[in-house]
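**Student:** here you go, sequence then predicted model.
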Amino acid sequence: MDISYFGNNKNWKEITREERLFCSHLYHKLLEPGNIKQFIEWLNTIKSPVVDFTNTIKLNSDTYWEPAFEVCFYRDLLRANGFGVKENLEKLKSNNYIGEEAINLIKRTFDLALFSEDTIVIIEAKAAQGLTSTQFKEFETDENLIKGVFEFLNLKMPRIVFIILAAEQYYQSTSFRSLKGVGKVNLVEKLEMVKARFMA
């Protein structure tokens with residue numbers, strides 16, 4: 001049923017710009033039997049909408065996966081292993097990977113995550129807008145923070161996969177087409193640099 005005051009008799013799902021609503025729907029869909037395996041297989045085969053950006057995810061769809069929503073990863077992982085962030089702030093700051101970013105471990109939250117024994121998939125969702133340079137910087141910081149937390153807890157480091165789940169129009173925007181677009185500089189060009197480094 002449509003609601004007249006949402007404009008042109010639309011419903012809330014059509015007009016909301018909030019990623020959390022979309023992520024909540026996706027999370028609950030992934031909880032249904034068989035859907036998580038299907039989703040993993042889809043992630044493995046989906047073609048990137050970004051030119052020259054190749055999908056190299058290759059996740060194991062036959063292993064156990066647990067989906068999670070609004071994941072306060074660092075705070076809850078540390079607590080589950082007997083360490084509160086606030087109580088161990090100075091110890092965390094002394095870690096080579098974490099340093100002064102330790103304070104950010106308390107509230108940093110991922111939109112969606114998929115956990116298996118040897119891989120963590122972190123999904124950043126964008127329903128109505130693109131990513132900023134600051135957010136790309138946060139992803140780079142997260143790589144170090146995750147290494148640091150696993151080192152601090154003396155746990156085996158899993159493989160970490162970052163995925164941006166966004167509207168198709170975002171990938172066709174100036175963010176990826178412009179020479180200095182945020183997406184082009186932070187995704188496409190950095191991927192090319194990584195390729196070059198491994199080929200050298």
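**Tutor:** Received it, and whenever you're ready, just let me know what you need.

**Student:** from here on, just use CA atoms for contacts and neighbour counts.
**Tutor:** Fine.

**Student:** separation between Met157 and Asn55?
**Tutor:** Taking CA to CA, to the nearest Å as the measure, Met157 and Asn55 are separated by 23 Å.

**Student:** typo on my end, Ile36
**Tutor:** Using CA to CA, one gets 19 Å for the distance from Ile36 to Asn55.

**Student:** who has more neighbours out of the two?
**Tutor:** For Ile36 against Asn55, the residue with the higher neighbour count under other CA atoms under 10 Å is Ile36, and the figures read 20 against 13.

**Student:** got phi/psi on that one?
**Tutor:** phi -70, psi -40 (degrees, to the nearest 10).

**Student:** correct me, but it touches His28?
**Tutor:** No. In this structure, Ile36 is not within contact of His28 by CA atoms under 8 Å, at 10.4 Å.

**Student:** overlap in contacts of the two?
**Tutor:** Taking CA atoms under 8 Å, 6 or more residues apart in numbering as the criterion, Ile36 and His28 do not both touch any residue.

**Student:** where does pLDDT dip in this protein?
**Tutor:** Across the chain, the stretches falling below the confidence threshold (pLDDT under 70) are 1, 49-53, 127-133, 136, 167-200.
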